[in-house]
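**Student:** missing the sequence, but the structure's below:
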């Protein structure tokens, strides 16, 4: 089975801090994704990566950056955390982005910014 | 991605079969039907997908109507662990980077 592991289930940080969320997948997938999920807004794509050192903006990249130095690891960085970034953050991976390939998700990080 | 319509909620009893419907009347010939579920406080979990033929895996079965305008996810024997929100989505064969979930169906399983 595919395993996507997010470094923390729960995280509390302060406004203005730089926050790192880590994600590791063990299936040698090419593609990795970061989403956030908020009540009433569903899943929103922040960034994705289709190869090492490659990244593409999703729908809501403002205030975030990403890093993919190794194929199995995709990091999400909140440059200066703000309260409106309090959310559930979900990492996913897939072998390709074609329509017959599912995305496999981690358990999520519930991030609170105080 | 084309639109899907699901009931807001359904209830089932433990160890009984569950049929979760999904309507997708505007589906195109190159759209795959995917199902995910999300247990409370967890990330979404891929369940099954198909294009035209019915599909089975260890988690569930997917029955696709002949005209492909609807599909049904079948859980053969519901357990308490199956209580979750179930999402039916369409994905274009050519692919796109993001998943777009609707409101889904909240399944309650009674002991």
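**Tutor:** That came through, no problem. Note that the coordinates shown come from a computational prediction; the quantities given were computed from them, not determined experimentally.
**Student:** burial of residue B:31, as a residue count?
**Tutor:** By the measure other Cβ atoms under 10 Å in any protein chain shown, the count of residues near residue B:31 is 19. No exception for glycine: its C-beta is placed from N, CA and C like everyone else's.
**Student:** so what sits opposite it in the bridge?
**Tutor:** Residue B:31 has these beta-bridge partners by DSSP bridges: residue B:92.
**Student:** contacts only, for residue 14.
**Tutor:** The chain I'm using is chain A. A:81, A:113-114 (Cβ atoms under 8 Å, 6 or more residues apart in numbering or on different chains).
**Student:** my bad, chain B
**Tutor:** Contacts of residue B:14 (Cβ under 8 Å, 6+ apart): B:78-80, B:109-111.
**Student:** now a PyMOL select for only the buried ones of the contacts of residue A:14.
**Tutor:** A single PyMOL command selects the buried members of those (16 or more other Cβ atoms under 10 Å in any protein chain shown):
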select buried, chain A and resi 81+113
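**Student:** pick out the residue nearest the middle of the chain.
**Tutor:** By default, I'm working from chain A. Central residue of chain A (Cα atoms, centre = their mean): residue A:34, 2.6 Å from the mean position.
**Student:** oops, chain B please
**Tutor:** Closest-to-mean residue, chain B, Cα atoms, centre = their mean: residue B:35 / 3.5 Å.
**Student:** any idea how far residue B:110 is from the residue nearest to that residue when sequence neighbours are not counted?
**Tutor:** Spatial nearest neighbour of residue B:35, chain neighbours left out: residue B:47 (4.3 Å); criterion: Cβ to Cβ, 6 or more residues apart in numbering or on different chains. Between residue B:47 and residue B:110 the computed distance is 21 Å (Cβ to Cβ, to the nearest Å).
**Student:** the two: who's more crowded?
**Tutor:** Ranked by neighbour count (other Cβ under 10 Å), residue B:47 and residue B:110 place residue B:47 first, with 21 against 11.
**Student:** which helix or strand contains the more buried one?
**Tutor:** According to DSSP states H and E, residue B:47 maps onto strand B:45-50.
**Student:** that strand - what's its average pLDDT?
**Tutor:** Averaging pLDDT along strand B:45-50 gives 95.
**Student:** immediately after that strand, which helix or strand?
**Tutor:** strand B:55-56.
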